[in-house]
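Q: how would this look folded up:
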Amino acid sequence: LGGDSLLATRLLGRMRAAGLAGGQLRRLFAEPTLAGFAAGVRLDPTVRSATGFVADPEHRYEPFPPTDVQRAYWIGRTSDFALGEVGSHWYWEFDGQDVDLDRLTEAWNRLVRRHEMLRAVFDADGRQRIQPEVPEVTIPVTEGEAALTALRERLSHRIADPTRWPLVAIEAVRYGDRRVRLAFSFDYIVLDALSIVTVFAELSALYVDLDAPLRPVDVSFRDYVLTAHPDEATVDADRRYWSAQLADLPPAPQLPLAVDPERVRAPRFVRHEARLTPAQWSALVDTARAHGVSPAAVLATAYAEVLSAWSGRPDLTLNLTLFDRREVHPDIDRVLGDFTSLLLVPHRPGADDSFLALVRRFQERMWDGMEHNAVSAIGVLRELARRT
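A: Numbers count the residues shown, from 1 in each chain. This next block holds a predicted model:
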């Protein structure tokens, strides 16, 4: 039916929570029918996927540690590392006519009161905390065509100071015939991609109806970070898996450099894009499914092949983002926060490999990594750095 690896991972997580063994991604994709897959599943009360999730509203506003990815974002905006001084950042502009900015402002402030991580800041030691109350947000407004360029120049490469609220910037320009351009600058240190989708869906609903009923969120990102952990046996098993992988894990791509990255200060990154037509994309998806691989695996393999062609050696390891929230609470998908984790995937092309063979092997390595994600990829990289 077109399921993907993320959906499969959640299915297998629910199975483990129910005490069912025999559920591996590799088996699920090898046996894509219910009867075939179920034949290898058995009841095993010793199987569990995570420790008990505990909500702690009494300590909601006390500092709590960042995730490994949040810590990396926090350090990466300093000049302590090559190609640092950059915030992991999401910027978008929307254009409209007759936009009611007062109404939009009220809708946004209701979201800030609703969602804790829209009130989050980081302390000087890198820990994060939720502020019980914050001042009302106002949306700065400028006028005229020239202000459009200035707006984009100012916000598109914004590096937020994580110790100062707010970490989301919204500005507007009025121009032309009753037109308004809205600019949103989100810092990924507090919001991941799904969180931003949630923000816009709820902001849109509140703009239409300020009293729109939104489902309650009875769980905190703080609760998730502090208590939604895999059990110790799973962590130990995954640590052994990654320790064995480190012995021959290929390096990062060794690309030709125009300048030593250590000499670059305050880099500005540029997005390049190309487009497939809807017909081309549909054909790619259909062909991928016919061969039992996912479109994500096809694209990632193509990316790895391009990097391999330019790299100093053909084999390499990609560091991919993985958006996977452990299903520890019915409200977890409505919680704002940075749930991002990372996935290390080796690419080892052989001289006689077809592209399909490369995709299948890459997809299997993706599955292996996702099945052993109780250990942080950043932790694995730290161990690799310690060894070398």
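Q: use CA for all of it now, contacts and neighbours both
A: Fine.
Q: quick one: contacts for the residue nearest the centre of the chain?
A: Nearest to the geometric centre of the chain sits residue 340, at 3.7 Å (Cα atoms, centre = their mean). Counting by Cα atoms under 8 Å, 6 or more residues apart in numbering, residue 340 makes contact with 69, 192, 321, 322, 323, 324.
Q: and the contacts of stretch 309-324?
A: Taking Cα under 8 Å, 6+ apart as the rule, stretch 309-324 contacts 6, 193, 249-256, 304, 308, 339-349.
Q: of these, grab the buried ones for PyMOL.
A: Only the buried entries of the contacts of stretch 309-324 go into this PyMOL selection, using 16 or more other Cα atoms under 10 Å:
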select buried, resi 6+193+249+250+253+304+308+339+340+341+342+343+344+345+346+347+348+349
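Q: looking at this, residue 322 is in a helix?
A: No: assignment of residue 322 by DSSP: H, G, I helix; E, B strand; the rest coil gives strand, placing it outside any helix.
Q: who does it form a beta bridge with?
A: residue 341 (DSSP bridges).
Q: how much space between it and residue 240?
A: 21 Å (Cα to Cα, to the nearest Å).
Q: ok, now residue 302?
A: In terms of Cα to Cα, residue 302 sits 30 Å off from residue 240.
Q: run a quick neighbour tally on the nearest residue to residue 106 once chain neighbours are set aside.
A: Leaving aside its chain neighbours, residue 106 sits nearest to residue 210 (7.9 Å; criterion: Cα to Cα, 6 or more residues apart in numbering). The number of residues packed near residue 210 is 16, by other Cα atoms under 10 Å.
Q: quick one, strands of the stretch 151-300 of the chain?
A: 168-175, 179-187 (DSSP state E, counting those that start in this stretch).
Q: give me the buried subset of the contacts of residue 340.
A: Buried residues within those, counting neighbours by 16+ other Cα under 10 Å: 69, 192, 324.
Q: any chance of those in a markdown table, plus pLDDT and distance to residue 334?
A: Listed next are those as a markdown table, based on pLDDT from 0 to 100; distance: Cα to Cα, whole Å:
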| residue | pLDDT | distance to residue 334 |
| --- | --- | --- |
| 69 | 94 | 20 |
| 192 | 93 | 12 |
| 324 | 77 | 13 |
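Q: between the residues you listed, which is nearest residue 233?
A: Nearest to residue 233 among the buried ones among the contacts of residue 340: residue 324, at 20.5 Å, using Cα to Cα.
Q: how near is that closest one to residue 271?
A: Counting by Cα to Cα - residue 324 and residue 271 are separated by 25 Å.
Q: and what of residue 162?
A: Residue 162 is 24 Å from residue 271, by Cα to Cα.
Q: cool, and residue 17?
A: Counting by Cα to Cα - residue 17 and residue 271 are separated by 41 Å.
Q: the more surrounded of these two?
A: Set residue 17 next to residue 271 and count neighbours by other Cα under 10 Å: residue 17 wins out with 18 against 4.
Q: centroid-wise, who is the farthest residue in this protein?
A: In the chain, by Cα atoms, centre = their mean, residue 177 is the one farthest from centre (38.2 Å).
Q: nearest spatial neighbour of it, skipping sequence neighbours?
A: In space, residue 177 is closest to residue 97, 7.9 Å off (Cα to Cα, 6+ apart).
Q: need the pLDDT of the one you found.
A: pLDDT for residue 97: 95.
Q: beta partners of it?
A: Where residue 97 sits in a bridge, its partners, by DSSP bridges, are residue 179.
Q: was I right to think it contacts residue 180?
A: Yes: if you go by Cα atoms under 8 Å, residue 97 and residue 180 touch, sitting 5.9 Å apart.
Q: which one of these two has more residues nearby?
A: Higher neighbour count among residue 97 and residue 180: residue 180, with 24 against 13, using other Cα under 10 Å.
Q: just the residues contacting stretch 254-266, thanks.
A: Taking Cα under 8 Å, 6+ apart as the rule, stretch 254-266 contacts 79, 81, 82, 83, 84, 85, 86, 307, 310, 311, 312, 313.
Q: list the ones among those that fall in strands.
A: Among the contacts of stretch 254-266, no residue falls in strands (DSSP state E).
Q: now the buried members of these.
A: Listed as buried from those are 82, 83, 84, 85, 86, 307, 311; burial here means 16+ other Cα under 10 Å.
Q: now compare those and name the two farthest from each other.
A: Distance extremes for these: the farthest pair is 85 and 311 at 25.5 Å, using Cα to Cα.
Q: helices of the chain, start to end?
A: Assigned by DSSP state H, the helices in the chain fall at 5-17, 25-30, 34-38, 68-76, 101-114, 146-155, 193-208, 221-227, 232-246, 278-290, 295-310, 355-371, 377-387.
Q: so what secondary structure elements neighbour the fourth one?
A: Okay, so that is helix 68-76. Here helix 68-76 touches strand 340-347, going by 3 or more Cα pairs under 8 Å, 6 or more residues apart in numbering; DSSP states H and E.
Q: centre of the chain versus stretch 138-150, how much separation?
A: 31 Å (Cα atoms, centre = their mean, to the nearest Å).
Q: pLDDT and distance to residue 368 added to the contacts of stretch 254-266, as a markdown table?
A: Shown next, in a markdown table, are the contacts of stretch 254-266 (pLDDT from 0 to 100; distance: Cα to Cα, whole Å):
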| residue | pLDDT | distance to residue 368 |
| --- | --- | --- |
| 79 | 86 | 35 |
| 81 | 85 | 30 |
| 82 | 87 | 31 |
| 83 | 88 | 30 |
| 84 | 88 | 31 |
| 85 | 88 | 33 |
| 86 | 87 | 31 |
| 307 | 97 | 22 |
| 310 | 97 | 26 |
| 311 | 97 | 25 |
| 312 | 95 | 26 |
| 313 | 96 | 23 |
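Q: relative to residue 121, which of these is nearest.
A: residue 86 (17.8 Å).
Q: that closest one against residue 159, yeah?
A: Yes: assessed by Cα under 8 Å, residue 86 is found in contact with residue 159 at 6.4 Å.
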